[in-house]
Each structure stands twice: as C-alpha cells, then as structure tokens.
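1. sequence first, then the predicted structure, then my questions.
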Amino acid sequence: MTTTTDNSRTLPLPPGNFGLPLIGETVEFLRDPDFIEKRQKKYGSIFKTRIFGADSIAIVGAEANRFILTNNQYFAVSWPPSTKILLGPNSLTLQEGSQHQSRRKLLSYAFQPKALAGYLPGMEKITQEYLQKWEKINTLTWYPELRNYTFDVASTLLISTESGSQTSLSKLFKDWCDGLFSIPLALPWTKFGRALRCRKELLAAIEKIVLSRQKEQEPGKDALGLMLQARDEEGNGFTLPELKDQVLLLLFAGHETLNSALGTFCLSLAKYPEVREKLRAEISQVVGNDSLTLEHFKQMTYLEMAIKEVLRIVPPVGGGFRKVVKSCEYNGYYIPEGWNVLYQIGRTHADESIYYQPEKFDPERFSPERSEDKKPFSYVPFGGGMRECLGKAFAQLVMKVFAVYLVRDYSWELLPEQNLELVTIPTPHPKDGLKVNLQHI
Ligand code: HEM
C-alpha cells in the first residue's frame, strides 16, 4: 500500500547500506550497470543508499513509478549537483511549478504534429545520406557513427546547423556529456572540470546562432524558429539566457538518448533476424519504394511494436531522481523529507510479474492480444506525469524513419569477437561500439 501521512516518521526506514562516509555508494552507482539489480535482490524493491552526496531511496516497480511520478506534492525535481550545474539554471528539467508549466508549454510548440510533419523530409534526407555512406564503408563500428547521425538530425532540425557532427559543437557536447553524472570537482583534469569549460564554449556558440537568427526576417521552421516565435499568455517569449540553456538541453536530450536507442535497434535485429524479416515484409507492403508520410506510420503496427520493444529492453534513460519535499510513507516505510528518491525504468521493464521472459526481444508482447504493458506505469521509457519526455514524438519519429530505410534496403551482421556488454554512462551502449558488416540488399 502507498499512503502519505504525517505519522510516517514512526515507521522504519527501508533496508540498505549507505556505503562510505560522504561519497556513499556513488562510485558503484556510476560504474556498475547492475547496481540497482544487485541491491534489489539483496533488500527487495525498496532500499536506501547514498549517492551524489544525498541520502536516497530507490523504489522499483510500476506502482512505485506511479507513486513517485504523480505525487507532485511530495516530490520535486532533483538532479545530481554535476548535472544541475552543467544543464544551467534556465533548463526546463530544473524548473518547477508554474515556471516549469509555462516554459514547457512554450517549448512544446516545437514538437507538435505540424512541426513534426515539417521535420520529416529533413530526417529522411539525413538518414539516406548516412546509410549510403555506411554502405560504402561496409564494415563499421556503428555506435559512434550513430552518434554523428543523431547529432546531425538534432542540429539540423532543432537549430538548422547542418552536419553539426563535423563541427566543434559535437566534440564539445561529448566532453560536456561525459561530466553530466560525475563528482562535481572542477579541476582542469577532472571530467567535471572539462565539462564545465565545454558548457561555456557551447553557450557562446549557441548565443551566436540565436543572435543571428533574431536578426532574420523569417524565424524559420526549425525548433529554434518556433521557440523564437513562442509567447506565453502575457505575450512574453524566452529571454536570451533562457534560450541558450533550453537549446543546450534539447540538443543534448535530442541525440544522446536516440543514439542509444538506435544502437539497441540495430543490435536486437541482428540477434533476431526473424523480427527483421517481419518488419521488412510490413514496410514493403505499406511503403514500398515511396517517400514516407506520417500516414504510413499509422499503418505499420509491427514497426510500432518493435520500436516499443527496443525502448523496453534497453531504456536509454534508466530512471530518474526526485527530492522529497514532504515526508511520506511507501509500503510501510518512512520516506523522509530532504532525501532523494529514484524511480526505476530499466528494472520495471525487467519485472517478470509484468513482462513474460523480459530478457527476450519480443515485439509481439505489445500486440492487442497480449498487451503486457497494460498496467499503468509498467512501460515508462519516457518517464511519466508532468515531466514526461517532451521530445517523445520527435524521438519515435526519428526511430521509425531510421528503421524503415535501414530495414527496407539493408542487411547487417555482427562481427565476431566483440564485447557486447553494455556500458551505461552516458547512455547504454555496447562496450566495443557495435561492430557490424552492412550491405545493400
Ligand atoms: C528515445 C529517446 C528518448 C528517451 C528514452 C527519453 C527519455 C526521457 C525521460 C525518461 C525523461 C524524464 C526524466 C525524469 O523523469 O526526470 C525525459 C525528459 C525530457 N526529454 Fe526526453 N527522451 C528521449 C528523447 C528526447 C528528445 C529527442 C528530446 C528533444 C529533442 C527530449 C527532450 C526532453 C526534455 C526537454 C525533457 C524534460 C521534460 C520536463 O522536465 O518537463 N527527449 N526524456
């Protein structure tokens, strides 16, 4: 049972171990992809730990997700200090209450169906160019290539900077991302110190782009153009410092997560060729050799299930942090004010009481007959509640466009003797970067 009462302080704290003084279990949390799973086996679905300097409680399961993501009176946004500093004070992910609501509304103009339809031709063009390039290389390490691809998609469609992956922006982003979840020690040789320098350079580059766009007559059809025009009820738009932090956030959120998701798609379909064949048959029947329209996607139900399964089996974001702003109770345990709670996406998706053989890549678990995700908050790759991913529809569209062109026109095989074990920071990817042989069919 989940209740929220003022008498909760008489209840016990969840089991668990705080680890070392101050630093707690931060190092294990950052290094061990099975950190949560191991503790879940030892203590059960709720346990305490100390990470990023904060006493924290991790809670696993669909009910826990509902509890954390919908009880806004008890939980507020919270990110580790390194993430907070590197995202910046005007970042949507750090905003609260009415400010969050109004900024989220303004940003959402860039992700409405009309805007998405406008992005589609650009996505198709970049996808085809990359596939042709990879076809020529033939044998490739896919993950870094996919990173260039997702960065180009994001930089072209969000800020009209084509081939962003070939500019200094891309390298700056990589070093900035490496510091996002790190110990916030700003020394020249630490990950965090490097990332902080990159933030300054990234903001300077973004400022230049914004200022030049503000001078143009036509705002443009990319996300930045829509953001420049967006106004709240009082007629106010984004200020320059806001635009800089929000663009930084969108560029980051718009490519790192997708990089991981596309890598998982490529890996899963190499391991499960029968899924690839089924998908190919559907694409050939619905799209043939035509250019894509949003209408095509409505008819491709197997593609929908396959993409869903990719985000279930290896969710690019493993979970999220919240701060407890008012003490409460969960399943007979005390959740004290001032602590952090962590909701778990990856472990929920691996829950055997929800998903049959969760380790198996099986798109049909989402078919209307089986709908294994019917329990609310059992499928949460994009989080949930009022902070659900703003780029969800954009991300799904990129994944589908990529999937259609790749599966329709190409075949690929994993090269032998590579380490496919997942590294989880910044987003999950195979240790050796996914080495494949790709051929046109
Ligand atoms: C497969 C790709 C993606 C996944 C799995 C993903 C996942 C998530 C998750 C789990 C959250 C919620 C975090 C929390 O609860 O604290 C989130 C938030 C967010 N995502 Fe995504 N995301 C993806 C792609 C994108 C893209 C492409 C964009 C933008 C271009 C984007 C923009 C955002 C933003 C702005 C937020 C913050 C929302 C808020 O705080 O109100 N994401 N995402």
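-> The structure has been received and is ready for your questions.
2. which ones are touching Ser8?
-> By Cβ atoms under 8 Å, 6 or more residues apart in numbering, the residues touching Ser8 are Ser327, Cys328, Glu329, Tyr334, Ile335. Every C-beta, even on glycine, is put in place using the N, C-alpha and C of the backbone.
3. what about stretch 154-173, how long is it end to end?
-> 12 Å (Cα to Cα, to the nearest Å).
4. can you check the pLDDT for Thr3?
-> On the pLDDT scale, Thr3 is placed at 53.
5. close to the ligand: what parts of this protein are there?
-> 92-93, 104, 249-250, 253-254, 257-258, 261, 311, 316-317, 320, 381-383, 387, 389-391, 394-395 (Cβ under 6 Å from any ligand atom).
6. inside strands: which ones of those residues?
-> Residues of the residues of the chain next to the ligand located in strands (DSSP state E): Gly320.
7. picking that back up, return the member of the contacts of Ser8 nearest to the ligand.
-> Closest to the ligand out of the contacts of Ser8 is Ile335 (17.3 Å), distances taken as Cβ to the nearest ligand atom.
8. number of nearby residues for that closest one?
-> 27 (other Cβ atoms under 10 Å).
9. report how many residues lie close to the nearest residue to it once chain neighbours are set aside.
-> Once flanking residues are discounted, Ile335 sits nearest to Cys328: 5.0 Å by Cβ to Cβ, 6 or more residues apart in numbering. By other Cβ under 10 Å, the residues close to Cys328 number 23.
10. for Ser8, see how far away Cys328 is.
-> 6 Å (Cβ to Cβ, to the nearest Å).
11. so what sits against both of these two?
-> Ile335.
12. point me to the residue of the chain nearest the ligand.
-> Distances between the chain and the ligand by Cβ to the nearest ligand atom are smallest at Gly391, namely 2.1 Å.
13. distance to Gln112 for the contacts of Ser8 - can I get that in JSON lines?
-> Shown next, in JSON lines, are those (distance: Cβ to Cβ, whole Å):
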{"residue": "Ser327", "distance to Gln112": "39"}
{"residue": "Cys328", "distance to Gln112": "36"}
{"residue": "Glu329", "distance to Gln112": "40"}
{"residue": "Tyr334", "distance to Gln112": "43"}
{"residue": "Ile335", "distance to Gln112": "37"}
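14. what's the closest of those to Tyr143?
-> Ile335 (37.9 Å; Cβ to Cβ).
15. quick one, what contacts the closest one?
-> Contacts of Ile335 (Cβ under 8 Å, 6+ apart): Ser8, Ile57, Tyr74, Val324, Ser327, Cys328, Glu329, Val341.
16. CSV for those, including pLDDT and secondary structure?
-> Listed next are the contacts of Ile335 as CSV, based on pLDDT from 0 to 100; DSSP: H, G, I helix; E, B strand; the rest coil:
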residue, pLDDT, secondary structure
Ser8, 76, helix
Ile57, 97, strand
Tyr74, 95, coil
Val324, 96, strand
Ser327, 95, coil
Cys328, 95, strand
Glu329, 95, strand
Val341, 97, strand
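17. got the phi/psi numbers for Ser182?
-> The phi/psi pair for Ser182 (degrees, to the nearest 10) reads phi -140, psi 170.
18. any idea of the pLDDT on it?
-> 86.
19. so who does it touch?
-> So Ser182 contacts Leu30, Ser82, Thr190, Lys191, Phe192, Ala195 (Cβ under 8 Å, 6+ apart).
20. tell me the pLDDT at the residue of the chain closest to the ligand?
-> For Gly391, pLDDT reads 95.
21. so it versus Leu116, what's the distance?
-> For Gly391, the distance to Leu116 - Cβ to Cβ - is 10 Å.
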